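**Q** fold the following, please.
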Amino acid sequence: MDRLKAPARLMIVSDLDHTMVGLVIVWFLLVSLYILVAAVILLDNILLLQVDHHDPENMSLLRFNALWEACYRNDSLLVFSTGRSPTLYKQLRKEKPMLTPDITIMSVGTEITYGTSMVPDDGWVEVLNQKWDRNLVTEETSKFPELTLQSETEQRPHKVSFYVDKANAQNVTKALSEIFATRGLDVKIIYSGGMDLDILPQDAGKGQALAYLHKKFKTEGKLPANTLVCGDSGNDAELFSIPDVHGVMVSNAQEELLQWHAENAKGNPKIIHATERCAAGIIQAIGHFNLGPNNSPRDITNLSDFESENISASSEIVRFFMFYERWRRAEVENSELYLASMKADCDSSGILIHPSGAELSLCDAINGMRSYYGDKQGQKFRVWVDRVLSIQTGLDTWLVKFNKWELSGKTPE
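**A** A predicted model of the protein is given here:
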C-alpha cells in the first residue's frame, strides 16, 4: 500500500458475515412481498432477511470502528476478506456501519482490490488464469440436480457458486473432485455456511490471496509486523494456515471451521476460539495476542479517560464525535461543564472544513450543539468516523481528514 511508507504495525484480515459484521440469516421461499424487514436482498426466488438479534444496534462493529480509527488507521492495514461478490459487498456496506478497508478480497479470494476506488490487482488475475476452465466447470456441474446455481451476481470470472443441501454436500463434493481430476482440471471446492458450495481455481481462496499479499509486501520491504486473521466458517480455514499469522475464530464460529481446527490446529497457540461474538471477538484477540491497544473508546464512560492513554489527533476526532452522538442521544447531562470541557480540549484556532469548502471554528461548532441536545433520544442514532488520517503540519498543528457517518435506523447519512 502506497499510503504507508513503512511496514504496517498490524494487518487485520477479517471475514465479514458473522465475523466482522453480525448477521442472522433466515431463508424464505418468495411467496409475496408483504413482509416488512430490516434489510432485504432478492436472490432469484429466495428472500434473504438479515437481522442480528444478538446485536441489533451493531455495537460490536461500532466498538471495533472506534478502536481502529483512534489507534490503528494511521499505521496499520484493514483487509476485508469475504465470500461476497462486489455486488453483495457493496450492498452490505449500505446496510451496516462499516469502515472502508485498505484492501478488499472478495468472491472467496478470487478478487483483490485496493483503496476506496477498489482498483483490481491484475497480477492476481494472471495467477488465477492458469489451469482454469470455467466452461468445463459449468458443464460438469450442470449434471448434478443437487446443485442450485446462485444468483448471477455471485458467478464471477474465477468462481462458480451453488447452494447445496448439507445432507448432500459431502457426496457431491467427492464426486465433483473425482470428475474434475479425470478431466485434468485443477480446481478447489469449498463448502461453507451449511449451504454454499464454491468452485475456484486451485490457486485461489482466501488463504492464497493473503499469501499473495504477504509475498507482495515482503518484496516491497513492507511485510506487516503482525497479521491477525479472523473468521467463522469453512471458507476462512485457509486463512489460519498461512505461516506466522495470529488467528481468531469468533465465538459464533460454525461447526465446519471448529472441526477443521480440531483436526488441523488444535495445539496451535497462535489460534484462539474467542468467547465474544463477531467484531467483539476480534477486539478480544488483539488483547490476547498483545498486538496493540484493545480498549475501544466506546467502552469508556468518561471520554476524558481515553485521552491520557491514547492521545493523538485521530483519537481526539473519535472522541469528539462520540461526545456528539451521546449529546444528541441525551446520554450525557445537558451541562455547560461538558461543553466547556470539550472546548478546553480544542485549540482555539481549530477549524472544521466541510467538503463544500465551508469553514466553522471548533468552538462555534461546539456552541451550536446546544440547540440539538437530546433530539435523537430514544432513536437508533449512531455516529462513526472512517478513514481518519492525520498529518502533522507544524510543531503542534495537525491536519486531519476523515469521513463522518450518521445512522438513524435508516440509510446512513
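**Q** from one end of stretch 216-233 to the other, what's the distance?
**A** End-to-end distance for stretch 216-233: 26 Å, by C-alpha to C-alpha, to the nearest Å.
**Q** which parts of that stretch are buried?
**A** For stretch 216-233, burial by neighbour count (16 or more other C-beta atoms under 10 Å) applies to 216-217, 222-224, 226-233. In short, each C-beta sits where N, CA and C put it, glycine included.
**Q** what does stretch 116-134 give?
**A** Under the neighbour-count rule (16+ other C-beta under 10 Å), stretch 116-134 has 118, 121, 124, 127-128, 132, 134 buried.
**Q** how about stretch 280-295?
**A** Those would be 280-286, 289, 291-295, for stretch 280-295 by 16+ other C-beta under 10 Å.
**Q** need these in CSV with pLDDT and secondary structure, can you?
**A** Formatted as CSV, these follow (pLDDT from 0 to 100; DSSP: H, G, I helix; E, B strand; the rest coil):
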residue, pLDDT, secondary structure
280, 98, helix
281, 98, helix
282, 98, helix
283, 98, helix
284, 98, helix
285, 98, helix
286, 98, helix
289, 98, coil
291, 98, coil
292, 97, coil
293, 95, coil
294, 96, coil
295, 94, coil
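**Q** among the residues you listed, which one lies nearest to residue 104?
**A** Nearest to residue 104 among the buried residues of stretch 280-295: residue 282, at 17.0 Å, using C-beta to C-beta.
**Q** hang on, the closest one packs against residue 249?
**A** No. The criterion here is C-beta atoms under 8 Å, and residue 282 misses it with residue 249 at 10.7 Å.
**Q** sorry, back to before: let me have the buried residues of stretch 280-295 in TSV, extended by distance to residue 238.
**A** Listed next are the buried residues of stretch 280-295 as TSV, based on distance: C-beta to C-beta, whole Å:
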residue	distance to residue 238
280	24
281	19
282	18
283	23
284	22
285	18
286	22
289	20
291	21
292	25
293	29
294	26
295	31
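**Q** tell me the one of those nearest residue 302?
**A** Nearest to residue 302 among the buried residues of stretch 280-295 is residue 295, at 13.0 Å by C-beta to C-beta.
**Q** how close does residue 125 get to residue 54?
**A** With distances taken as C-beta to C-beta, to the nearest Å, residue 125 is found 38 Å from residue 54.
**Q** and what of residue 126?
**A** Using C-beta to C-beta, residue 126 is found at 42 Å from residue 54.
**Q** this structure: helices as residue ranges?
**A** Per DSSP state H, the chain carries helices over the ranges 59-71, 86-95, 122-129, 134-141, 166-182, 206-219, 255-264, 278-288, 304-310, 313-328, 336-344, 362-368.
**Q** with distance to residue 196 as extra columns, can I get those in CSV?
**A** Output for the helices of the chain, formatted as CSV (distance: least, C-beta to C-beta, whole Å):
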stretch, distance to residue 196
helix 59-71, 22
helix 86-95, 12
helix 122-129, 19
helix 134-141, 14
helix 166-182, 10
helix 206-219, 13
helix 255-264, 11
helix 278-288, 19
helix 304-310, 40
helix 313-328, 36
helix 336-344, 48
helix 362-368, 47
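**Q** weakest of these by average pLDDT?
**A** Among the helices of the chain, helix 304-310 has the lowest mean pLDDT, at a mean of 52.
**Q** ok, how many other residues are close to residue 269?
**A** Residue 269 is surrounded by 8 other residues when neighbours are defined as other C-beta atoms under 10 Å.
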